[in-house]
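Undergrad: how would this look folded up:
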Amino acid sequence: VTWDDTDVSGVIRNNYFLCDDESFGRTHFADNKYFQSFECGDNSRDYYVSNDLVADSFGKTEEILRREIKKGNNEFEELPIDDDATNIILFTSGTTSLAKAVELSHYNITSNINALHFAENIYPTDVNMAFLPFHHTFGSTGLLYMLSGGVTTVFCDGLRHVAKNLKEYKVSVFFCVPLIIESMHKKIWQEIDRQGKTKTVKFGKKLCKFLLKFGIDIRRKVFKQIINNVSENLRFVISGAAGLDKQVEEDFNDFGILTVQGYGLTETSPVLTAENEKNLRYGSIGKPMYNVEVKIDNPDENGIGEIIAKGPNIMKGYYENEEATNDVLKDGWFHTGDLGYMDKDGYFYISGRKKNVIVLKNGKNIYPEEIEMLLDKVDEIKECIVYGKQPEANSKKEDKELIVTAKVIPDYEKIENIYGKISEQEEKLMVKKGKGSFGYLKKQAVATAMGIVAMIVVANIPYHFWERFALLGYVIANVAILLVLSPLGRTFNGARR
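TA: Numbering: from 1, shown residues only. Below you'll find the model as predicted:
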């Protein structure tokens, strides 16, 4: 808003530094060391403000703006907006290739914000904690979504202070990544186990689920102590950027904290699909936004194919990279590079990245992410990666196909907690009995590999099978995990047998 000379002189007296320019409505903030270096022409309306004076300036600025609006000054409403002009350029993560600069327009972003308002419920009484980086669309669009809903936003002091900030700022809405939620979930259950209340909590969950069928919701009363340990006001958690463990999501919802996950990419501003209070299906990425069309391209016999999307939130393209743009934008559809499927009720599920799929000679597709998810459930494994390994040069011709391989980093601290520390004397005894020999370790490696193969078989069973025969699927999955764990157990308990 343009103000008169009286206002300008008042602002200058209050330590503002202003210049005139025909370009209207720009405010620049700078550190004091750069403050005196600004030079302005005679026809400027750019406003340069010192960071140290920003706090004092807001009160005066708000007073002026309110007075001008009462006078009927509506210059801000008449400002021209080019919907299709590039509004922001963000770089992709570049995990599978070189990072690319994504051009998003004003319309791309606002259409996604509008869709989020239709999907989720936020209120002006909410407090959101900004945790995600703003150079990622999930962080930047998420913040704009909150601001557009009148939500108060506070800023996290850092990763180590998340738990403290959630309580002291009385946060009610939290946009975050699975790592944070899963860490919170782990600490909750550790405390429950420490207090010996595991059976009580599990019974409480069953009771609350039963009562919910009759419209009686007592979850936040029953689990008040658990909620208060996180944040007494926390009611809504939105997870994105990676897959959230379905058990974690289910537990948080059982405790009375609505927890949903969504799916999207930098190129889609970012949200394509999301769960909400009325559309929850654990393990899924929800349903498409109301203004976005999502489908599975060229599905296989199990219904798995590439996820493609069309809508107003799809990027303009990659900056100065027409070839890369044409690779992903075809006939109006954006090809995500992610593989997934849709169930009979319209919920979408992610299977893995198209570039990561391991295709065996028998035509079977192996999705590494699914096996990694199973391996991550093994307490003794800290990190893992599943990939297709090239066969040895001297292997038989008929055997020359990719070998599904898992590399793991053991969690030695966890192993020691579970199996106990092996003394020097026990270690010598293991070597004496051949337990520490190369031959013995080789046998254990073979046994572990058999367990991995069993998991691969499980991963190839269609999802529809799991849905229809959930109990049998659960048994098969656990047997596969035990096949991996058994050699580990034998290795670390061998000295005591």
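Undergrad: which residues in the stretch 101-250 of the chain form helices?
TA: For the stretch 101-250 of the chain, the helices defined by DSSP state H, counting those that start in this stretch cover 106-119, 137-148, 162-168, 178-194, 198-212, 219-222, 224-230, 246-255.
Undergrad: show me what contacts Asn108?
TA: Counting by CB atoms under 8 Å, 6 or more residues apart in numbering, Asn108 touches Asn87, Ser269, Pro312, Asn313, Ile314, Met315, Lys316. (Each C-beta comes from the backbone N, C-alpha and C, glycine too.)
Undergrad: mind doing that once more with 6 Å?
TA: Ser269, Asn313 (CB atoms under 6 Å, 6 or more residues apart in numbering).
Undergrad: can I get the helices of the stretch 101-250 of the chain in JSON lines including mean pLDDT?
TA: Below are those laid out as JSON lines (pLDDT from 0 to 100):
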{"stretch": "helix 106-119", "mean pLDDT": "95"}
{"stretch": "helix 137-148", "mean pLDDT": "93"}
{"stretch": "helix 162-168", "mean pLDDT": "93"}
{"stretch": "helix 178-194", "mean pLDDT": "91"}
{"stretch": "helix 198-212", "mean pLDDT": "95"}
{"stretch": "helix 219-222", "mean pLDDT": "95"}
{"stretch": "helix 224-230", "mean pLDDT": "94"}
{"stretch": "helix 246-255", "mean pLDDT": "95"}
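Undergrad: out of those helices, which comes closest to Gln261?
TA: Closest approach to Gln261 among the helices of the stretch 101-250 of the chain (CB to CB): helix 246-255, 6.6 Å.
Undergrad: may I see the buried residues of the closest one?
TA: With burial defined by 16 or more other CB atoms under 10 Å, the residues of helix 246-255 counted as buried are Val248, Glu249, Glu250, Asp251, Phe252, Asn253, Asp254, Phe255.
Undergrad: what of stretch 121-134?
TA: Ile122, Asp126, Val127, Asn128, Met129, Ala130, Phe131, Leu132.
Undergrad: gap between the two ends of stretch 168-185?
TA: 19 Å (CA to CA, to the nearest Å).
Undergrad: ok, and what's touching that stretch?
TA: Residues from elsewhere that reach stretch 168-185 (CB under 6 Å, 6+ apart): 126-129, 131-132, 142, 154, 231, 233, 235-239, 241-242, 244-245, 248.
Undergrad: out of these, name the ones that lie in strands.
TA: Mapping the contacts of stretch 168-185 onto strands (DSSP state E) picks out Val127, Asn128, Met129, Val154, Phe236, Val237, Ile238, Ser239.
Undergrad: that older thread, closest one of the buried residues of helix 246-255 to Lys414?
TA: Top of the list for closeness to Lys414, among those and by CB to CB, is Val248 at 18.5 Å.
Undergrad: spit out the contact partners of the closest one.
TA: Val248 makes contacts with Ile181, Glu182, His185, as judged by CB under 6 Å, 6+ apart.
Undergrad: go on, Asp157?
TA: Asp157 sits next to Asn165 when contact means CB under 6 Å, 6+ apart.
Undergrad: thinking again about what came up before, ok, the contacts of Val248 vs Val292, which is closest?
TA: For those, the nearest to Val292 is Ile181 (24.8 Å; CB to CB).
Undergrad: so, low pLDDT: which residues of this structure?
TA: By pLDDT under 70, the low-scoring segments of the chain are 1-60, 93-97, 361-363, 393-400, 422-424, 426-497.
Undergrad: swap the cut-off to 80 and go again
TA: Along the chain, segments meeting pLDDT under 80 span 1-65, 74-78, 93-99, 354-367, 370, 373, 377, 379, 390-402, 414-497.
Undergrad: re the thing from before, can I get the buried residues of helix 246-255 in CSV with distance to Phe223?
TA: Formatted as CSV, the buried residues of helix 246-255 follow (distance: CB to CB, whole Å):
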residue, distance to Phe223
Val248, 15
Glu249, 15
Glu250, 13
Asp251, 10
Phe252, 10
Asn253, 11
Asp254, 8
Phe255, 4
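Undergrad: gap between the nearest residue to Ala99 once chain neighbours are set aside and Thr141?
TA: Nearest residue to Ala99, sequence neighbours excluded (CB to CB, 6 or more residues apart in numbering): Phe91, at 4.6 Å. Distance of Phe91 to Thr141, computed by CB to CB, to the nearest Å: 15 Å.
Undergrad: neighbour count for these two, which is higher?
TA: Using other CB atoms under 10 Å, the more surrounded residue of Phe91 and Thr141 is Thr141, with 26 against 15.
Undergrad: what residues are up against that one?
TA: Contacts of Thr141 (CB under 6 Å, 6+ apart): Ile109, Asn112.
Undergrad: what kind of secondary structure is Ile385 in?
TA: strand (DSSP: H, G, I helix; E, B strand; the rest coil).
Undergrad: these two touch, right, it and Lys407?
TA: Yes: under the criterion of CB atoms under 6 Å, Ile385 makes contact with Lys407 at 5.3 Å.
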